[in-house]
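Colleague: How does the following fold in three dimensions:
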Amino acid sequence: MAVKIMIKRKFKEEALKDAEAMLMKARTNAMGHKGYISTETLVNFEDPQSVIIISMWQSKEDWDNYRYSGARQEHEQKYRDLFEGTTQYEIFKLGM
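Modeller: So this is what the prediction gives:
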């Protein structure tokens with residue numbers, strides 16, 4: 001069953017220039033993993049530091065395999081200084 005992952009992040013104001021490159025690299029990394037379907041990035045109109053990434057995967061298992069992969073962990077560690085606060089994740093299935 002397909003799932004959508006909502007990832008909420010807040011970037012430090014001084015990191016906004018680097019945030020775009022970070023998000024593009026994350027998307028490129030995800031595209032190479034089994035089960036990846038798409039990604040959408042939403043930037044809060046009134047607060048450009050607040051970003052929601054909606055990533056779609058063929059299954060929760062595919063998402064979990066990517067989320068905990070060494071490549072993603074390394075990427076998250078590399079860009080950790082860009083974030084303000086913690087990243088929040090919510091997983092949604094499509095339909096009832």
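
Colleague: how about the helices of this protein, start to end?
Modeller: Listed from the start of the chain, the chain has helices (DSSP state H) covering 16-31, 60-67, 70-79.

Colleague: Return the set of buried residues in the first one.
Modeller: So that's helix 16-31. Of the residues in helix 16-31, 19, 22, 23, 26, 27, 29, 30 count as buried by neighbour count, 16 or more other C-beta atoms under 10 Å. Where you see a C-beta, it was placed from the backbone N, CA and C, and this is true even at glycine.

Colleague: could those be laid out in a markdown table, adding distance to residue 56 and pLDDT?
Modeller: Below are the buried residues of helix 16-31 laid out as a markdown table (distance: C-beta to C-beta, whole Å; pLDDT from 0 to 100):
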| residue | distance to residue 56 | pLDDT |
| --- | --- | --- |
| 19 | 21 | 88 |
| 22 | 20 | 87 |
| 23 | 16 | 88 |
| 26 | 14 | 89 |
| 27 | 12 | 90 |
| 29 | 15 | 90 |
| 30 | 10 | 93 |
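
Colleague: Nearest to residue 67 among those?
Modeller: Each of those was scored against residue 67 by C-beta to C-beta, and residue 30 proved nearest at 9.7 Å.

Colleague: Pretty sure the closest one sits against residue 39.
Modeller: Yes. Contact criterion C-beta atoms under 8 Å: residue 30 and residue 39 qualify, at 6.4 Å.

Colleague: wait, what's in contact with the residue lying closest to residue 94 once chain neighbours are set aside?
Modeller: Of all residues not flanking residue 94 in the chain, residue 2 sits nearest, at 5.0 Å (C-beta to C-beta, 6 or more residues apart in numbering). Applying C-beta atoms under 8 Å, 6 or more residues apart in numbering to residue 2 gives the contacts 37, 56, 57, 58, 59, 93, 94.
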